[in-house]
Structures are given as structure tokens and as C-alpha cells.
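Asks: need the 3D shape of this:
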Amino acid sequence: MILHEEETLSRAELEKVQLKKLQATIHSVYEHVPFYRDKFNELHVSVADIGSLEDIRKLPFTNKIDLRKNYPFGLFAKDVKDIVRLHASSGTSGKPTVVGYTRKDIENWADLIARAIAMAGGKPGEIFHNAYGYGLFTGGLGLHYGSEKLGMATVPISGGNTERQITIIEDFKPTVIAGTPTYILNVAEKMEELGMDPARSSLRYGIFGAEPWSEEMRKTLESKLGIKACDIYGLSEVMGPGVAMECHEAQNGLHIAEDHFLIEVINPDTLETAAAGEIGELVFTSLTKEAMPIIRYRSGDLASITKEKCLCGRTTARMSRVKGRIDDMLIIRGVNVFPSEIEHYLIQIEQLAPHYQVHLTRAGVLDDVELHVEITNDFYETCNKDLHHSYAQMLIKQIELSMKNNCLVNMKVKVLPPKAIPRSEGKAKRIIDNRSKMTHA
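Replies: Next up is the predicted model:
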């Protein structure tokens with residue numbers, strides 16, 4: 001087990017370090033970022049007013065809209081000549097969000113990812129199979145630099161080209177694989193199609209993130225691949241992957257790199273601090289970023305926090321698995337539902353493959369949901385490849401009852417044959433929103 005000094009500090013020691021870094025960060029953004037200077041002046045807040053970590057509540061929140069309004073470099077605290085890398089979001093819902101890194105930022109990020117990979121079971125001298133996408137997305141390059149920093153031989157294969165992924169796994173014999181959980185599941189299923197047993201490969205640990213995934217999905221991945229599957233968390237706006245990581249010893253919450261990030265949990269409606277252990281919106285303040293320090297960034301992710309010491313020996317706060325994103329939450333006839341909740345119950349039904357889509361439509365002023373699920377090959381054969389078979393109809397009623405009892409929503413269920421739902425080569429598309437089409441039809 002590799003433990004770093006920063007991961008085992010007492011709470012008092014850690015908070016002393018955090019406060020010093022917080023004060024330096026506030027000074028930096030006030031001096032170099034007009035957006036924050038104006039916000040602080042409006043609230044009559046200065047560095048002198050931050051004498052404790054609790055005083056961070058005096059500072060303004062930052063959100064994604066602020067990043068888009070200051071596109072591309074308006075939130076940078078360093079001149080572009082000092083920036084060595086730029087990343088950006090896809091910009092599918094407007095201007096992309098842009099983040100920059102100085103050389104020191106890149107070094108810190110590599111250190112964080114090296115810590116994260118070690119936490120998940122990776123060791124120097126082994127081979128790391130990186131199936132995260134490379135490019136403007138922070139996942140691929142973030143994990144790449146960290147695995148090299150740890151001393152692993154890194155395979156920069158990126159996402160897609162699934163059969164080649166399998167060949168590389170067979171030939172290179174990596175011990176750790178990283179990617180989105182839905183894509184790695186796709187890889188495992190393809191191996192099975194080719195007559196291979198994924199659990200007999202060299203893989204021993206998996207690092208999965210970039211999309212919400214359930215405990216049931218973890219069990220599926222671990223069973224198929226014969227690995228320990230660990231959750232990684234990050235946001236490009238805050239740093240990228242490596243903000244928090246689950247340890248393979250406990251697999252009970254993600255250790256936040258508190259020497260680099262200050263974490264808060266708020267009620268997203270009232271913006272008040274959530275009670276200890278209560279699920280709320282995660283808010284991050286960076287403590288060491290040079291190029292683009294960020295203050296009280298509202299992540300949109302819902303989770304809870306515990307500060308109890310982990311059995312792995314680390315003392316850093318742990319965040320729960322992300323329950324969902326505020327902007328992913330479905331409000332169906334007054335009931336709040338997250339895709340991860342739907343997945344939680346679907347994967348428990350043995351006749352179903354772990355692939356589904358939620359199709360949203362609108363009837364008048366009310367939203368309707370049609371849940372598309374995919375049956376296993378074995379169950380398809382049991383039904384004589386007839387989706388109108390009585391067994392299939394019984395399954396539909398079982399799923400509808402499960403959604404009604406557990407998610408409190410009436411959903412129409414459509415059963416599909418094996419391989420009917422598109423497979424992911426990155427983030428899975430779980431929600432198909434046809435409501436605007438219905439409105440304008």
C-alpha cells in the first residue's frame with residue numbers, strides 16, 4: 001500500500017494547511033482575475049476577512065454560466081504565455097468551458113492522478129491500459145500523465161476500436177484498465193462474443209468514472225472482468241480527474257485530495273450548508289491551481305461527505321458515490337428521478353442486460369417516460385426470440401412494478417432484443433429527450 005503524508009494528516013493539521021493555501025488563492029484571484037475582484041468588492045470581502053475555513057461562506061459561488069460568460073480566458077490568473085495546456089468542454093449547450101494549466105498545475109495534476117491510481121491498486125512497473133478519450137476532454141491526458149508519474153508503462157489507446165483494445169489487453173497484459181464504466185462493459189461483452197472469458201485476462205483493477213454508475217454496475221464489471229472496480233471523480237473546471245478516488249481496500253467512498261481542494265456540501269435550493277452526512281450539491285474551491293483558481297464552484301453533482309478515518313489508513317474526507325447531477329434529474333409528474341436510481345433497480349433483474357435508455361415525451365403539459373431495456377441472450381432464447389411471448393410480457397410488468405414501487409414513477413417499458421441499444425465508446429447516452437419535438441410537432 002502506498003500512502004502519502006498528505007493523505008494521513010490529522011484533521012487539525014490538514015485544516016491548517018488548507019487555510020494557508022486558501023488565503024493565498026483568494027489573494028491571487030483578487031489581484032489577477034477581474035471577475036472575482038468585482039464579486040469580492042460587491043460583497044465587501046477581502047483576504048483579511050478569511051481567518052478560518054468557515055469564512056469561505058462569505059465568498060461568492062462560481063458556476064458554469066460564469067465560465068461561459070468569461071470565455072475563453074477571462075478567469076485565468078496567469079497570462080497566456082505562462083499557460084502550457086488548454087482543455088475545454090464539448091460546448092454542446094452553448095459556449096464551451098475552457099480551463100488552463102501552468103507547468104506547475106500539470107505537475108500537481110500528475111501527482112494527484114499517481115496517488116489515485118495507487119489508491120486503486122496500481123503499482124510502479126506494471127502496465128496501465130488507458131481507454132479514456134484523449135483530446136480536449138481531460139480524462140485521457142489526465143490519467144496518462146499520472147500513470148507515467150507513478151512509473152507504470154502507459155498504453156494510450158483512448159476509446160473506441162474495441163477489437164483492438166481486446167488484442168492489446170491480450171498481448172500487453174496490463175493489470176489496470178481505465179475508462180467509462182459503460183465502455184469497459186462494452187469491451188467485456190465483446191470479449192465474450194469472441195469466445196473469450198474476460199475474467200481470465202491479466203486485468204486486476206479498474207478505474208471508472210466520467211459518468212454516474214451504480215453499485216450494481218460495479219458488481220457486474222467486477223464479475224465479468226475479475227477485477228476490483230474503483231470510482232474516480234473530477235471536474236475539468238476544478239482540475240480534471242483525480243479530485244477524488246476510491247481506495248481498493250475499502251471501496252467505501254472516494255477520498256478527496258483535500259490538500260488541493262476545499263469541499264463543501266450545500267442544499268442546492270437554499271444554498272445553505274447541508275448537515276453532516278446529508279446529500280447535497282458538492283462545491284469545490286481549488287487551493288493550489290495557478291492558471292485558473294476557482295472559488296466555490298457549484299459542481300451540480302449530488303453526494304454526501306464523511307470525515308471518518310478509512311480502514312485503508314487515509315484520513316481525508318470521503319465523498320459518497322455521486323447520486324446524480326442536478327441537470328440530469330428527471331422530474332416526471334412531480335417526482336424527482338435520477339438515471340442512476342433507474343439503473344440500480346434494473347441491473348438487479350437477471351433477465352436484463354446492463355443497458356437501457358430513458359425516452360422522454362410530452363403529452364399535453366405532462367411528461368411521459370418510456371423505458372427501453374435490453375434482454376439477455378439466454379432470456380431471448382427462452383422467449384423463442386418472440387418479444388410478445390408471455391414471458392416477455394411478464395418481465396415488462398415486473399419492471400413497471402419495480403419502477404413504480406422504487407422510483408415512484410409510472411413508466412411504459414419497451415423490451416428490446418440483445419444488442420439493440422447502442423453501445424458506448426465514451427459516455428453512455430441514457431436520456432433521449434423528445435419533448436421539444438413533441439411540443440413543436
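Asks: C-alpha from now on. contacts and neighbour counts both.
Replies: Fine.
Asks: where does residue 353 fall, secondary structure wise?
Replies: Secondary structure assignment for residue 353, by DSSP states H and E: strand 352-363.
Asks: A helix includes residue 109, no?
Replies: Yes: read with DSSP: H, G, I helix; E, B strand; the rest coil, residue 109 is one of the residues of a helix.
Asks: that one reaches residue 239, doesn't it?
Replies: Yes: Residue 109 is within contact range of residue 239, at 7.3 Å (criterion: C-alpha atoms under 8 Å).
Asks: tilt between the next helix or strand after the strand holding residue 353 and strand 352-363?
Replies: Stepping forward along the backbone from strand 352-363, the first helix or strand reached (DSSP H and E) is strand 366-375. With axes from the mean of the first three to the mean of the last three C-alpha atoms, to 10 degrees as the basis, strand 366-375 and strand 352-363 are set at 160 degrees to each other.
Asks: quick one: contacts of strand 366-375?
Replies: Residues outside strand 366-375 that contact it (C-alpha atoms under 8 Å, 6 or more residues apart in numbering): 332-333, 351-362, 410-421, 435.
Asks: kindly report the same for stretch 385-402.
Replies: Against stretch 385-402 from outside (C-alpha under 8 Å, 6+ apart): 345-346, 380, 383, 410-417.
Asks: again, only this time at 6 Å
Replies: Identification of contacts with stretch 385-402 by C-alpha atoms under 6 Å, 6 or more residues apart in numbering yields 383, 413.
Asks: swap in stretch 70-87?
Replies: Residues from elsewhere that reach stretch 70-87 (C-alpha under 6 Å, 6+ apart): 32-33, 98-103, 136, 291-292.
Asks: for that stretch, buried residues please.
Replies: For stretch 70-87, the neighbour count (16 or more other C-alpha atoms under 10 Å) marks 70, 72-78, 83, 87 as buried.
Asks: same deal with stretch 117-136?
Replies: 117-123, 126-134, 136.
Asks: can you pull out the helices in the chain?
Replies: Under the criterion DSSP state H, the chain carries helices at the ranges 11-32, 34-43, 64-69, 103-119, 138-150, 162-172, 181-193, 215-225, 339-346, 377-382, 390-402, 435-440.
Asks: picking that back up, adding distance to residue 64 and pLDDT, write the buried residues of stretch 70-87 out as a markdown table.
Replies: Written out in a markdown table, the entries for those read as follows (distance: C-alpha to C-alpha, whole Å; pLDDT from 0 to 100):
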| residue | distance to residue 64 | pLDDT |
| --- | --- | --- |
| 70 | 10 | 96 |
| 72 | 13 | 96 |
| 73 | 14 | 97 |
| 74 | 13 | 97 |
| 75 | 12 | 98 |
| 76 | 15 | 98 |
| 77 | 17 | 98 |
| 78 | 20 | 98 |
| 83 | 21 | 98 |
| 87 | 15 | 97 |
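Asks: closest to residue 152 out of those?
Replies: For the buried residues of stretch 70-87, the residue nearest residue 152 by C-alpha to C-alpha is residue 87; the value is 24.1 Å.
Asks: grab the nearest non-local neighbour of that closest one.
Replies: residue 136 (4.7 Å; C-alpha to C-alpha, 6 or more residues apart in numbering).
Asks: you'd agree the one you found is up against residue 88?
Replies: Yes: distance between residue 136 and residue 88: 5.3 Å, which falls inside the contact criterion (C-alpha atoms under 6 Å).
Asks: among the helices of the chain, which is the most enclosed?
Replies: Of all the helices of the chain, helix 138-150 has the most neighbours on average by mean count of other C-alpha atoms under 10 Å, namely a mean of 24.
Asks: how much does that helix deviate in direction from helix 103-119?
Replies: With the same axes, to 10 degrees as the basis, helix 138-150 and helix 103-119 are set at 80 degrees to each other.
Asks: list the helices and strands helix 138-150 packs on?
Replies: Using 3 or more C-alpha pairs under 6 Å, 6 or more residues apart in numbering; DSSP states H and E, the elements in contact with helix 138-150 are helix 103-119.
Asks: touching the helix it packs on from outside, list them.
Replies: Under C-alpha under 6 Å, 6+ apart, the answer for helix 103-119 is 84, 145-147, 149-150, 242, 245, 247, 289.
Asks: hmm, 7 Å instead?
Replies: Where contact means C-alpha atoms under 7 Å, 6 or more residues apart in numbering, the residues beyond helix 103-119 that reach it are 2, 84, 143, 145-147, 149-150, 242, 245-248, 289-290.
Asks: pick out the most distant pair among those.
Replies: The largest separation in the contacts of helix 103-119, counting by C-alpha to C-alpha, is between 84 and 248 at 33.1 Å.
Asks: tell me which residues touch residue 47, please.
Replies: With contacts defined as C-alpha under 7 Å, 6+ apart, residue 47 is in contact with 23, 26-27.
Asks: how about residue 248?
Replies: Neighbours of residue 248 in contact, by C-alpha under 7 Å, 6+ apart: 119-121, 228, 230.
Asks: for residue 325, state which of the residues you listed is nearest.
Replies: Within the contacts of residue 248, the smallest distance to residue 325 is 19.6 Å, found for residue 230 (C-alpha to C-alpha).
Asks: ok, and the closest non-adjacent residue to that closest one?
Replies: For residue 230, the spatially nearest residue (C-alpha to C-alpha, 6+ apart) is residue 207, at 5.1 Å.
Asks: you'd agree the one you found is up against residue 177?
Replies: Yes: with contact defined as C-alpha atoms under 7 Å, residue 207 counts as touching residue 177 (6.3 Å).
Asks: and the closest residue to residue 352 other than its chain neighbours, what pLDDT?
Replies: Distances taken as C-alpha to C-alpha, 6+ apart put residue 375 closest to residue 352, at 4.3 Å, once the chain neighbours are dropped. What the model reports for residue 375 is a pLDDT of 96.
Asks: who does residue 205 bridge with?
Replies: Residues found in beta-bridge contact with residue 205 (criterion: DSSP bridges) are residue 176, residue 228.
Asks: now residue 360
Replies: Each beta-bridge partner of residue 360 is listed here: residue 369, residue 433, as defined by DSSP bridges.
Asks: how many neighbours does it have?
Replies: Applying other C-alpha atoms under 10 Å, we find 19 residues neighbouring residue 360.
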